[in-house]
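**Student:** A structural model of the following input is requested.
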Amino acid sequence: MPLPPGRVLAFDSGIGGLGVVQALRTTLPPGTRIDYLADNALFPYGEQEDSVLVARILSLMEERIARLRPDVVLIACNTASTIALDALRARFDVPFVGCVPPVRWAARVSQTRVFGLLSTRGTARRPYLRGLRDTYAADCEMIVHGARALADLAEKAYLGESVDDRLVAEELRHLFEAPNGDRIDTIGLGCTHYTFLNEAFLRLCPPDINWLDPAIPVAQQVGRILDQRSPACAEAMTAETLYLTGPPPAQEALEKAVARLGYGQITILEHASV
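**Tutor:** Residues are numbered from 1 along each chain as shown. Predicted coordinates:
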């Protein structure tokens, strides 16, 4: 007997994780409920202290998990995944799937053994990233650029606002002008927000670059976990909801954008604001 549709709680610091939600919509069975929580009151996470973020993420998850009872929680944020996954798994009895920079994937596909990684500045400086490189890409040169502007530009692109190519090109320049940057043949996206800039990346970079976006592999992992759940876990489901921790700067544009993903309303968790 087939399992009834499951429930996923997806979390990000902003709207960047909606790119992963789109991948979930295309890979998971119809009827799967996908709630989304954006901690936009503290966006961007890459600029915050780790201890502050871990405590806040645990607090937000405590309330939403108790209320929604998801079958799996997707941390659709590289920064949150790299600093908080261990603490989340220790605290909660629910499977977690994280998004981490695709270092292992890049090492598998790079022919020149030189690859680039675009990330937030916080991810770029954390020991977790160096550990990925040492474990999975020791025979490669990994050129990392912690880009402060790209997450903001990506959110503008998602909301349908125009993005100046020159600003995107300025961030990309840091990869290709680094020592051995001319040998880069692969670039991984180390922030889920960057999915919304894929068209600009393709337009502004050499055509032979392999771009690695983890959204689909992450969505497939969520699907595997849902397939393994017990039928006893299935419960009557309330409607899926998109939650924010603070008022969005462009609510009308956001409402139109998220409607394309099936979200009919936005709920603001006022008590979660900074």
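**Student:** For the least confident helix or strand in the chain by mean pLDDT, buried residues please.
**Tutor:** Lowest by mean pLDDT, DSSP states H and E among the helices and strands of the chain is helix 121-125, with a mean of 85. For helix 121-125, the neighbour count (16 or more other CB atoms under 10 Å) marks Arg121, Gly122, Thr123, Ala124 as buried. Yep, even glycine has a C-beta here, placed from its N, CA and C like the rest.
**Student:** helices and strands around the helix or strand that it is followed by, which ones?
**Tutor:** Remark: after helix 121-125, the chain's next helix or strand is helix 127-136, criterion DSSP states H and E. Helices and strands touching helix 127-136, by 3 or more CB pairs under 8 Å, 6 or more residues apart in numbering; DSSP states H and E, are helix 78-91, helix 103-109.
**Student:** Serialize these to JSON lines and add fields for distance to Glu62.
**Tutor:** Shown next, in JSON lines, are these (distance: least, CB to CB, whole Å):
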{"stretch": "helix 78-91", "distance to Glu62": "8"}
{"stretch": "helix 103-109", "distance to Glu62": "31"}
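**Student:** Check those for me: which has the lowest mean pLDDT.
**Tutor:** Among these, helix 78-91 carries the lowest mean pLDDT, at a mean of 92.
**Student:** chain center to the following helix or strand past it, what's the gap?
**Tutor:** As assigned by DSSP H and E, the chain's next helix or strand after helix 78-91 is strand 96-98. A distance of 11 Å separates the C-alpha centroid of strand 96-98 from that of its chain, computed with CA atoms, centre = their mean, to the nearest Å.
**Student:** if we can go back for a sec, mind putting the helices and strands packed on helix 127-136 in TSV, mean neighbour count included?
**Tutor:** Below are those laid out as TSV (neighbours: other CB atoms under 10 Å):
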stretch	mean neighbour count
helix 78-91	20
helix 103-109	19
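**Student:** Val54: which of the ones you listed is closest?
**Tutor:** Closest to Val54 of those is helix 78-91 (CB to CB; 5.0 Å).
**Student:** by how many degrees do the closest one and helix 127-136 diverge?
**Tutor:** Angle of helix 78-91 versus helix 127-136, following axes from the mean of the first three to the mean of the last three CA atoms, to 10 degrees, is 90 degrees.
**Student:** ok, residues contacting helix 78-91?
**Tutor:** 11-13, 45-46, 50, 53-54, 57-58, 61-62, 73, 75, 96, 98-101, 119-120, 122-123, 126, 128-129, 190-192 (CB atoms under 8 Å, 6 or more residues apart in numbering).
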